[in-house]
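A.B. asks: Structure of the sequence below:
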Amino acid sequence: MDRHKKIAPSILAADFSCLSEEIRAVEAAGADLIHVDVMDGRFVPNLSLGPRIVEAIRRMTRLPLYLHLMIERPDSFIEPFVQAGADSIIVHVEATPHLHRTLQQIKQTGVRTGVALNPATPLSAVEEILDEIDLLLVMSVNPGFSGQRFIPTVIKKIRTARRRLDAKARPPLLEVDGGLRIENVKPLSAAGVDLFVSGSAIFRSGDYKKAIAAMREAIETGERV
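C.D. replies: Purely as a prediction, here's the structure:
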C-alpha cells in the first residue's frame, strides 16, 4: 500500500453553502483526499449527510473519498455509499455488534476497509481484525463535532498502534482525526501516522494552500525526528 503521508481535509468544517467551491479549492491547494463524516444523530449527537450528497461530492472532485461512518449498525448503508462513489468506508468498532461481518461486507464491494476507535476505546478492541483492514483510524477527539481540542494522550496510543500495525505482513495505514493543528502534527507524524484529517485548521484558515503547505512541512519535519 502507498505509505506516502497524506492530508485529508474534512468537509465537516467546510461552508456547505458553497461546498463545490470549497472542495475544488482544497483540491487545488494540494489535498490528497477528501474526508467525509457521516453522522446519524444517535451514535453521535449530530446529523450530517447521506448517499445523495456523497454522490454529488463525487462529481465535484477526482480525489479519493474516505467516508467515516459515525452511525449505528452501518451495514445497511455500506452499499448505498459505495454506489455513491466512496473509495473507502470506515466504521466504528463501538457502533456495530458484528465487526468482522461488517468488514467482510465492505471488502466485498471492492473499496478500502477501515475501522475507527474513539479516544477511550483500547486498541485491544481491534486486535482480532487487524488483518482484515486497510486502515485504522484513531480518533483524537470524541466524534460528532468539528473544532474540538486535540486529546494529547492519544499520541501514546498512536505509537502503540504503529508498532502493532508494523508487525503485520501487510500493515494497515494509520489515520488520525480530531483537533489537528500545526503544533500537534509534527509529533503525530513522528509517532507514525500516515493520514492526517483536518477540518477547522484548513477550512477556517483563510488560505487553504498555505495551511496545507504548513501542515505538510510539519509532517515532513516529524518524519525526520
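A.B. asks: what helix or strand does Ala116 sit in?
C.D. replies: strand 112-117 (DSSP states H and E).
A.B. asks: likewise Pro119?
C.D. replies: Per DSSP H and E, there is no helix or strand for Pro119.
A.B. asks: got the contact list for Lys5?
C.D. replies: Ser189, Val193, Asp194, Leu195, Phe196, Ile219, Glu220, Glu223 (CB atoms under 8 Å, 6 or more residues apart in numbering). In this view, the C-beta of every residue, glycine as well, is placed from N, C-alpha and C.
A.B. asks: what separates it from Glu223, distance-wise?
C.D. replies: To Glu223, Lys5 is 7 Å away according to CB to CB, to the nearest Å.
A.B. asks: what touches both of these two?
C.D. replies: With CB under 8 Å, 6+ apart, Lys5 and Glu223 have common neighbours Ser189.
A.B. asks: Just the pLDDT for Arg3.
C.D. replies: With respect to pLDDT, Arg3 scores 64.
A.B. asks: Against which helices or strands is the top helix by length along the chain packed?
C.D. replies: If you go by DSSP state H, the chain has its longest helix at helix 208-223. Using 3 or more CB pairs under 8 Å, 6 or more residues apart in numbering; DSSP states H and E, the elements in contact with helix 208-223 are strand 6-9, helix 19-28, helix 182-191, strand 195-198, helix 200-203.
A.B. asks: any weak-confidence spans in this protein?
C.D. replies: 1-3, 224-225 (pLDDT under 70).
A.B. asks: ok, now with 80
C.D. replies: Within the chain, the segments meeting pLDDT under 80 span 1-3, 144-147, 223-225.
A.B. asks: Any chance of the backbone angles for Val36?
C.D. replies: When quoted as degrees, to the nearest 10, the phi and psi of Val36 stand at phi -120, psi 120.
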